[in-house]
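Peer 1: Prediction below, plus the sequence it came from.
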Amino acid sequence: MLETGTAPTVCEFIAAGLGVSLIHPLFADGSQDRIALRRFKPDMAFDFRLCRMPASRNAGLVDTFY
């Protein structure tokens, strides 16, 4: 069993023949020519969170899209 915290590293492991993984296809960008992407059934819901400092640079712009 291998464990990593980043999708690009997962894709590199897969491209090297070291297993399979569940990742969002957007995170496989740049690896599609070296790995096989298949839709996972049933669909899985993803929850994403945005964390930032309240007084961060461009906070108003971030809030507009949040």
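Peer 2: Looks like it arrived, so ask away.
Peer 1: so Gly60 is in which element?
Peer 2: In the assignment (DSSP states H and E), Gly60 maps to helix 59-65.
Peer 1: Let me fix that, I meant to ask about Ile14.
Peer 2: Per DSSP H and E, Ile14 falls inside helix 7-15.
Peer 1: quick one: low-confidence parts of the chain?
Peer 2: Within the chain, the segments meeting pLDDT under 70 span 66.
Peer 1: if you set the cut-off to 90 instead, what comes out?
Peer 2: Residues of the chain meeting the criterion pLDDT under 90: 1-5, 19, 22-27, 29-32, 39-66.
Peer 1: and the spatially most central residue of the chain, how far is that from Asp63?
Peer 2: Centroid check for the chain by C-alpha atoms, centre = their mean gives Phe27 as the closest residue, at 3.9 Å. From Phe27 across to Asp63, the span is 25 Å (C-beta to C-beta, to the nearest Å). C-beta coordinates here come from the backbone N, C-alpha and C atoms, glycine included.
Peer 1: which residues touch Asp33?
Peer 2: By C-beta atoms under 8 Å, 6 or more residues apart in numbering, Asp33 lies in contact with nothing.
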